[in-house]
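1. have a look at this prediction, sequence included:
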Amino acid sequence: MKKIPVGIKGMDEILLGGIPEGKSMLVSGNCGAGKTIFASFFIAEGFRQRENCVYITLEQEKGKLLKDLQELGLDWAPLETKGRLRIIGGNLGFVKMLREKRKADFKDVVQEIKEVVKEIGAKRVAIDSINLFLALFDDVHEQRNGLAQLNYELSQMGCTVLYTCEVPEFGQAISWYGFEEFVVDGVLLLRRNYEKELNENKRSLEVIKIRGANFRQGNFPLRITGKGMEVFLNDPGTEFFH
């Protein structure tokens, strides 16, 4: 099984070589846990590996996204100009308005994504976030079936896919709707806990599952700096096979 590097220091060691190529990963976490940064560096690593990429955002406008990424040392504008990157999406309300205006269902949206991926020959796809993407559709059956279809189609195209997912601030949920984790091949859980005594946020990462692949089990400290993200292996735990 070929594995591809994630692009985050320490992460490939936890995954024992990286993400299995062609698999789909759900990166879940509460607000401020680092999901968008994780997805951004996953895509940036794709460029370093000479792979074309697609980034779908419903969190913010494209211009603001590019500006925020520049502060992390990621300059994506030239890559988009060269045709190595496609950024699609934007503000959720605007995208939903366009969908309703076109009277598009999930099959139409999936087809549009497939066409973009095929157009540039993308090998990595990131969707930030999948819960906002699914919010474009009101029917829970359409949401679940649509995610399964999207995941299947991208897998058939040879893409390694990363979905970010917001989870409630408090609680044990690892997805927003409760079914996303059953559709994807793997789940990474990011946590942000505010420690009042230290007046700082403590972040951590745990691999919940990866179908058919080994990984290190444990809750690993995570740090976000002006240069990106790093996972620390001070408590590597044991190998785990799912």
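-> On my side now, so go ahead.
2. how about the strands in this protein?
-> For the chain, the strands defined by DSSP state E cover 3-4, 19-20, 24-29, 52-57, 85-89, 122-128, 160-166, 186-195, 200-210, 214-217, 220-225, 228-231, 238-241.
3. parallel or antiparallel, list what pairs with the fifth one.
-> Sheet pairing for strand 85-89, assigned by DSSP bridges, gives strand 52-57 (parallel).
4. before we move on, what about the second one?
-> According to DSSP bridges, strand 19-20 forms sheet pairs with strand 3-4 (antiparallel).
5. ok, and what's touching the strand it pairs with?
-> With CB atoms under 8 Å, 6 or more residues apart in numbering as the test, strand 3-4 has contacts from 12, 15-21, 45, 49, 160, 213. Where C-beta positions appear, they are placed from N, C-alpha and C, glycine not excepted.
6. tell me the mean pLDDT over that strand?
-> Mean pLDDT, strand 3-4: 96.
7. distance from that strand to the middle of the chain?
-> Offset of strand 3-4 from its chain centre (CA atoms, centre = their mean, to the nearest Å): 16 Å.
8. longest helix anywhere in this protein?
-> Longest helix in the chain, counting residues (DSSP state H): helix 140-156.
9. so how far does stretch 5-13 reach from one end to the other?
-> 10 Å (CA to CA, to the nearest Å).
10. what about dumping the CA coordinates of stretch 170-180 to CSV?
-> C-alpha atoms of stretch 170-180 as CSV (Å, rounded to 0.1, in the frame of the first residue of the first chain):
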residue,chain,number,x,y,z
PHE,A,170,-18.5,20.1,24.2
GLY,A,171,-19.4,16.4,23.8
GLN,A,172,-18.1,13.2,22.3
ALA,A,173,-19.3,13.5,18.7
ILE,A,174,-16.7,13.1,15.9
SER,A,175,-18.9,14.5,13.1
TRP,A,176,-21.7,17.0,12.7
TYR,A,177,-24.5,14.9,11.3
GLY,A,178,-23.4,11.6,12.8
PHE,A,179,-22.8,9.6,9.6
GLU,A,180,-19.8,11.2,8.0
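11. can I get the strands of the chain in a markdown table with distance to V116 and mean neighbour count?
-> Listed next are the strands of the chain as a markdown table, based on distance: least, CB to CB, whole Å; neighbours: other CB atoms under 10 Å:
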| stretch | distance to V116 | mean neighbour count |
| --- | --- | --- |
| strand 3-4 | 20 | 19 |
| strand 19-20 | 21 | 24 |
| strand 24-29 | 17 | 25 |
| strand 52-57 | 6 | 24 |
| strand 85-89 | 5 | 19 |
| strand 122-128 | 8 | 25 |
| strand 160-166 | 13 | 27 |
| strand 186-195 | 24 | 18 |
| strand 200-210 | 27 | 18 |
| strand 214-217 | 31 | 18 |
| strand 220-225 | 29 | 17 |
| strand 228-231 | 26 | 20 |
| strand 238-241 | 35 | 10 |
